[in-house]
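Chemist: what follows is a predicted protein model with its sequence.
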Amino acid sequence: MGIMVRGLAPAWRALRATVSLTTGLPKQFSQSFNIVAEEQEGDGKFSTDGPEPGILYPNHIPTNTLQKLLLSAGSAVMSLYDPYRHDMIAVLGETTGVQALRSLREKMSNDPEGIQILQERPRIRMSNLDIERFREMPDGAFGREYARFLDVNNVTPDTRMPVRFVDDEELAYVAQRYREVHDLMHTLLGMPTNMLGEVVVKWFEAVQTGLPMCLLGAVFGPLRLSTKRKKKLIELVPWAVQSGRNARCVCSFYYEKRWEQSVESLRKEIGILPPPSIKF
């Protein structure tokens, strides 16, 4: 019981923030969840100095099949209830996407640029980015448009959840890389961070990655859209799907070396079709 509780603690913290799941559970079981959750609050990082047995990377929480099933079910429910719960979407992707992550790793391993990424393992974080330099780049440059996206939508790459439940160190990096290039996809696809933009990006990513969480967001996301925005999907979704099929693996591009490249030329290189002219 103690192992299961410890493995589920991060998801439990997120789930209990929105809805109480303790009703009907034995009091001792519920209290154990809360105790472990409080113990793990901190910065969410595991020390790499003398890691515990089974800990493969910082933040890793080993889980067995039953624990993953429970995490998958709980995070899926919460993701459908509130599509903006990125923490729950992250848990869902980690517990259901192992095969898709293996496929992504294989694609990266078959690409020279992808191999370099797997070897060097770059991270897209504010501490690694010169945002002020990006803002001084000419309009249309990838770095300039990415900085504009961050400024307009008031987001940073540091808001992405760390990977925790992937029980393979290299696959965990692939999952983290996918997560960190998500905002770059918004930039290249020209999509805002509202629900309409997220649904379009999820359709693109679902075709690209095969991750179940992407398909879930693509299918159920439109339920939260107004009738007016649903009509825009009629034109946007076919374009996103076609672009996803046409594009090379988006995780195989070393974006950190392409900030000065124009968005237009990078789109062409990746295989993203020109986006439709639609006002958001």
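Modeler: Right, received. Where do you want to start?
Chemist: for the stretch 51-200 of the chain, what spans make up the helices?
Modeler: 65-81, 86-96, 98-109, 112-120, 131-135, 142-153, 169-180, 182-189, 195-209 (DSSP state H, counting those that start in this stretch).
Chemist: just give me how far the third one sits from the chain centre.
Modeler: Centroid displacement of helix 98-109 relative to its chain, using Cα atoms, centre = their mean, to the nearest Å, is 15 Å.
Chemist: go on, the second one?
Modeler: Here the centre of mass of C-alpha atoms in helix 86-96, compared against the chain's by Cα atoms, centre = their mean, lies 8 Å away.
Chemist: domains of this structure?
Modeler: 2-80, 98-270 (automatic domain parsing).
Chemist: could you export those as JSON lines, including mean pLDDT?
Modeler: Formatted as JSON lines, those follow (pLDDT from 0 to 100):
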{"stretch": "domain 2-80", "mean pLDDT": "57"}
{"stretch": "domain 98-270", "mean pLDDT": "94"}
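Chemist: quick one, which of the ones you listed is nearest to residue 277?
Modeler: Closest of the domains of the chain to residue 277 is domain 98-270, at 9.7 Å (criterion: Cβ to Cβ). C-beta coordinates here come from the backbone N, C-alpha and C atoms, glycine included.
Chemist: got the contact list for the closest residue to residue 107 other than its chain neighbours?
Modeler: Closest residue to residue 107 apart from its sequence neighbours, by Cβ to Cβ, 6 or more residues apart in numbering: residue 249 at 4.1 Å. Residue 249 sits next to 104, 107-108, 111, 114, 208 when contact means Cβ atoms under 8 Å, 6 or more residues apart in numbering.
Chemist: now do residue 118
Modeler: 105, 108-109, 170, 173-174.
Chemist: repeat that for residue 207.
Modeler: Here residue 207 is in contact with 240-241, 244-245 (Cβ under 8 Å, 6+ apart).
Chemist: one more: residue 270?
Modeler: Counted by Cβ under 8 Å, 6+ apart, residue 270 has contacts 188, 247-248, 250, 253.
Chemist: check those residues for burial and list the buried ones.
Modeler: 188, 247-248, 250, 253 (16 or more other Cβ atoms under 10 Å).
Chemist: pretty sure residue 246 is touching residue 271, no?
Modeler: Yes: with contacts counted by Cβ atoms under 8 Å, residue 246 reaches residue 271, the gap being 4.5 Å.
Chemist: now restrict the contacts of residue 118 to buried residues only.
Modeler: 105, 108, 170, 173-174.
Chemist: for residue 230, which non-adjacent residue is closest in space?
Modeler: residue 222 (5.9 Å).
Chemist: show me what contacts the one you found?
Modeler: So residue 222 contacts 199, 230, 233 (Cβ under 8 Å, 6+ apart).
Chemist: ditto for residue 200
Modeler: 189, 191, 233, 236-237, 240.
Chemist: at 6 Å instead, please
Modeler: 191, 236, 240 (Cβ atoms under 6 Å, 6 or more residues apart in numbering).
Chemist: how close does the first one sit to residue 176?
Modeler: Read that as residue 191. The gap separating residue 191 from residue 176 is 22 Å, by Cβ to Cβ, to the nearest Å.
Chemist: and for the second one?
Modeler: Residue 236 sits 28 Å away from residue 176, taking Cβ to Cβ as the criterion.
Chemist: with the last one instead?
Modeler: Computed with Cβ to Cβ, the distance linking residue 240 and residue 176 is 23 Å.
Chemist: neighbour-wise, which of these two wins?
Modeler: More crowded of residue 240 and residue 176, by other Cβ atoms under 10 Å: residue 240, with 28 against 20.
Chemist: isn't the more buried one up against residue 203?
Modeler: Yes: taking Cβ atoms under 6 Å as the definition, residue 240 is a contact partner of residue 203 at 4.1 Å.
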